[in-house]
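Chemist: what's the 3D shape of this:
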Amino acid sequence: MARFIALAVASFCTILCTNVYAEELRPCADEIAKFCNDMKPGEGSIMSCLKGHESELSALCRKKMEEGEKRQKDCEKACCDDVKKFCEDVRPGGGRVAKCLNDHINELSAPCRERIEGG
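Modeler: Residues are numbered from 1 along each chain as shown. Reported below is the predicted structural model:
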């Protein structure tokens, strides 16, 4: 069950950070075109692809990836208890955990609510 909850939180935080990642990965545009051009975006596929080529990335791109990963971990930490409390039975994927948390927005812990409302 703990693994399921961790997956649900990670899935939610990936969705929550998708737009932020897209903006932050602009310094990685050349690397994405070179190494990940055939990848379908979604569910962290571009990030995984870039991590597979980490030694070949520019310093700026690596830095932006590290910042994004830190933000995702912070999100996971902020919302883990809320996912356990409100969305334990929700299957990850397709935005279901995000919807569940949004359905409980007024009941969430302050740190999780801030992540959701502030992105």
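
Chemist: and the longest helix for this protein?
Modeler: Assignment by DSSP state H gives helix 59-86 as the longest helix of the chain.

Chemist: Okay, buried residues for it please.
Modeler: 61-62, 64-65, 68, 71-72, 75-76, 78-80, 82-83, 86 (16 or more other Cβ atoms under 10 Å). Yep, even glycine has a C-beta here, placed from its N, CA and C like the rest.

Chemist: Return the closest of those residues with respect to Pro41.
Modeler: Taking Cβ to Cβ as the measure, Pro41 lies nearest Gly68 of the buried residues of helix 59-86, at 14.3 Å.

Chemist: so the closest one makes contact with Leu50?
Modeler: No - with contact defined as Cβ atoms under 8 Å, Gly68 does not reach Leu50; the gap is 10.1 Å.

Chemist: Please tell me how far Ser58 sits from Lys34.
Modeler: Distance of Ser58 to Lys34, computed by Cβ to Cβ, to the nearest Å: 11 Å.

Chemist: what do you get for Glu117?
Modeler: 36 Å.

Chemist: just for this protein, where's the confidence low?
Modeler: Low-confidence segments of the chain (pLDDT under 70): 1-25, 42-43, 119.

Chemist: Show me the helices in it, by range?
Modeler: Taking DSSP H to define them, one finds helices in the chain at 2-24, 29-35, 45-52, 59-86, 96-103, 110-118.

Chemist: angle of the longest one against helix 96-103?
Modeler: Same thing as helix 59-86. 60 degrees (axes from the mean of the first three to the mean of the last three Cα atoms, to 10 degrees).

Chemist: and helix 59-86, what does it pack onto?
Modeler: helix 2-24, helix 45-52, helix 96-103, helix 110-118 (3 or more Cβ pairs under 8 Å, 6 or more residues apart in numbering; DSSP states H and E).

Chemist: and it, how far from the chain's centre?
Modeler: Distance, stretch centre to chain centre, for helix 59-86: 6 Å (Cα atoms, centre = their mean, to the nearest Å).
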